[in-house]
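Chemist: next come a sequence and a model predicted from it.
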Amino acid sequence: MTSANGSTPTLKPAHELAQSPLRFPGESAEYRRARNALLAEEIELRRHTERVAAQRRALPPGGEVPEDYLFQGEHGPVKLSQMFGKFDTLISYNWMYGPQRERPCPMCTSMLSAFDGEMPDILQRVAFAVIARGPIERLVAFAQERGWRYLRLYSSGGNTFNRDYAHEKPEGGDNPEFNVFTRSGNVIRHFWAGEMGPDTADPGEDPRGAPEPMPIWTILDMTPEGRAPDWYPKLEYGASA
């Protein structure tokens with residue numbers, strides 16, 4: 001984290017900033033001590049997030065994209081270079097809705113539903129593409145069923161994009177994956193991918209990225225129940241759910 005002139009500011013220790021003046025009805029001194037200790041950790045987490053983001057931005061140039069992949073969009077063929085639109089940065093997400101699936105991944109769907117609401121704002125800053133191997137007609141039909149309005153959907157069923165950038169095998173299942181690409185003139189490069197998965201998960205945890213891209217987990221982490229190890233989003237919920 002740097003200031004406007006490029007220097008690194010001197011930060012107060014987190015425990016000093018964490019002496020919150022806030023008080024809530026009925027809280028005990030024990031609660032306030034524990035809450036302020038937690039607040040110090042939350043401040044440190046925020047600072048670490050900033051450091052990681054700065055390190056990510058400072059990555060050297062990634063590999064040049066080997067081809068201008070051709071996808072099928074809602075209105076016809078679209079090349080990867082065309083997905084950038086007016087921007088020089090493109091975020092793509094590999095949606096787990098390949099041809100072998102009758103219905104899409106509920107976890108992906110939960111996250112994309114949240115992103116759809118944010119997309120008018122996201123598209124002010126960068127381009128964003130949702131990519132799946134399934135036929136474009138199925139992708140669009142499900143988006144309409146779900147009420148998505150802003151996500152831009154593309155089928156990669158006719159190219160090797162998912163193999164190259166989501167490490168999927170043609171005969172295998174789907175992998176969820178974020179990728180970020182940059183464009184300079186006619187050159188497109190890979191900038192970053194979410195490489196955290198089963199091999200990087202800690203004991204007893206589901207594979208997840210950092211920062212957490214799914215808003216639902218961020219919200220549930222604020223609660224005393226937490227995420228719950230045996231609950232996951234579903235595509236549909238019964239009346240008693």
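Modeler: Good, I have the coordinates. As the structure is a prediction and not an experimental result, all values here were calculated from the model.
Chemist: element containing the residue nearest the centre of the chain?
Modeler: What sits nearest the mean C-alpha location of the chain, by CA atoms, centre = their mean, is Pro213, with 3.7 Å. Per DSSP states H and E, Pro213 falls between elements, in no helix or strand.
Chemist: any idea how the protein splits into domains?
Modeler: Residue ranges for the domains of the chain, per automatic domain parsing: 24-58, 70-193.
Chemist: would you format the ones you listed as JSON lines with mean neighbour count and mean pLDDT included?
Modeler: (Glycine included, C-beta is placed from N, CA and C.) Formatted as JSON lines, the domains of the chain follow (neighbours: other CB atoms under 10 Å; pLDDT from 0 to 100):
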{"stretch": "domain 24-58", "mean neighbour count": "11", "mean pLDDT": "95"}
{"stretch": "domain 70-193", "mean neighbour count": "17", "mean pLDDT": "96"}
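Chemist: in a markdown table: these, plus distance to Asp221.
Modeler: Shown next, in a markdown table, are the domains of the chain (distance: least, CB to CB, whole Å):
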| stretch | distance to Asp221 |
| --- | --- |
| domain 24-58 | 11 |
| domain 70-193 | 15 |
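Chemist: tell me which of those domains sits nearest to Thr8.
Modeler: domain 24-58 (10.1 Å; CB to CB).
Chemist: centre of the chain versus that closest one, how much separation?
Modeler: 22 Å (CA atoms, centre = their mean, to the nearest Å).
Chemist: at which residues are the strands of this structure located?
Modeler: 70-73, 76-79, 89-94, 127-132, 153-155, 177-184, 187-193 (DSSP state E).
Chemist: show me what the first one is packed against.
Modeler: Looking back up the chat, that one is strand 70-73. Packing partners of strand 70-73 (3 or more CB pairs under 8 Å, 6 or more residues apart in numbering; DSSP states H and E): strand 76-79, helix 80-83, strand 153-155.
Chemist: a markdown table for the ones you listed, including distance to Ala166?
Modeler: Below are those laid out as a markdown table (distance: least, CB to CB, whole Å):
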| stretch | distance to Ala166 |
| --- | --- |
| strand 76-79 | 18 |
| helix 80-83 | 14 |
| strand 153-155 | 13 |
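Chemist: out of those, which is closest to Gly238?
Modeler: strand 153-155 (28.2 Å).
Chemist: packing partners of that closest one?
Modeler: With contacts taken as 3+ CB pairs under 8 Å, 6+ apart, strand 153-155 sits against strand 70-73, strand 127-132, helix 136-146.
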